[in-house]
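**Student:** Following is a predicted model, sequence given first.
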Amino acid sequence: MMKKLVFLLVFYFVTGFIFAQKVMLVEKIGTSRKYFYHTGDYLKLRVSKPDTLLRGKLWSVSDSMISVAGFLPIDVRLGDIGSVYKQFYFPKKFSGYMVIGSLGIFTIIGFNHLINNEQVFTSDMFIISGSMLGAGLISFSLTEKRCKTSRRWKIKVLEIAL
């Protein structure tokens, strides 16, 4: 019985270290804001040394470097990262739907005016579709947040056992 228990404990710890996954953590010091990036997540960051904006999937995470794959994987040291852009998907989808909806309403109201032999461009047409377009453009500006790595935002690499 004791041999089985020791064997199971050894097997558990060995497999835990073998299947451990590294995760990049961007956190704001002094608050509870934390953003986790796993391999395969979309990432947008600005590298400070050659002043380059990188977009792509997080290819790999090591202790002091990450690889971002746009077309080819590019290795970036953690100390060279100037800022990380956190993407928010709901405002991005909402803004797209609002812009498409404003174009659709504009087209439907214009077509309705043409069918009824009325003036094609009226003020209600511009008010309704313009307000939807404005809401889409405002929400588009809320789709990402810049986390500038300085004294407040820090980048860490965590090793999480599965």
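**Tutor:** Structure received.
**Student:** alpha carbons only for contacts and neighbour counts from here, please
**Tutor:** Fine.
**Student:** Please determine how far residue 25 is located from residue 58.
**Tutor:** 12 Å (C-alpha to C-alpha, to the nearest Å).
**Student:** Dump the C-alpha coordinates for stretch 70-85 into PDB.
**Tutor:** Output of stretch 70-85 as PDB, limited to C-alpha atoms (Å, rounded to 0.1, in the frame of the first residue of the first chain):
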ATOM      1  CA  GLY A  70       2.800  37.400 -37.400                       C
ATOM      2  CA  PHE A  71       4.300  35.800 -40.500                       C
ATOM      3  CA  LEU A  72       7.400  34.500 -38.900                       C
ATOM      4  CA  PRO A  73       8.100  34.100 -35.200                       C
ATOM      5  CA  ILE A  74      10.000  37.100 -33.800                       C
ATOM      6  CA  ASP A  75      11.900  36.800 -30.500                       C
ATOM      7  CA  VAL A  76      11.400  39.700 -28.000                       C
ATOM      8  CA  ARG A  77      13.100  40.100 -24.700                       C
ATOM      9  CA  LEU A  78      10.800  41.000 -21.800                       C
ATOM     10  CA  GLY A  79      12.800  44.000 -21.000                       C
ATOM     11  CA  ASP A  80      12.500  45.400 -24.500                       C
ATOM     12  CA  ILE A  81       8.600  45.500 -24.400                       C
ATOM     13  CA  GLY A  82       7.500  49.100 -24.100                       C
ATOM     14  CA  SER A  83       3.800  48.500 -23.900                       C
ATOM     15  CA  VAL A  84       1.200  45.800 -24.300                       C
ATOM     16  CA  TYR A  85      -2.200  46.500 -25.800                       C
END
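**Student:** which one is residue 42 nearest to, not counting chain neighbours?
**Tutor:** Beyond its immediate neighbours in the sequence, the residue positioned closest to residue 42 (C-alpha to C-alpha, 6 or more residues apart in numbering) is residue 57, lying 4.4 Å away.
**Student:** Look at residue 12 and say how many residues are nearby.
**Tutor:** Neighbours of residue 12 under the rule other C-alpha atoms under 10 Å: 11.
**Student:** So residue 121, which state does it fall into?
**Tutor:** Under the three-state scheme (DSSP: H, G, I helix; E, B strand; the rest coil), residue 121 adopts coil.
**Student:** Does residue 118 lie in a helix or a strand, and which?
**Tutor:** Using DSSP states H and E, residue 118 sits in no helix or strand.
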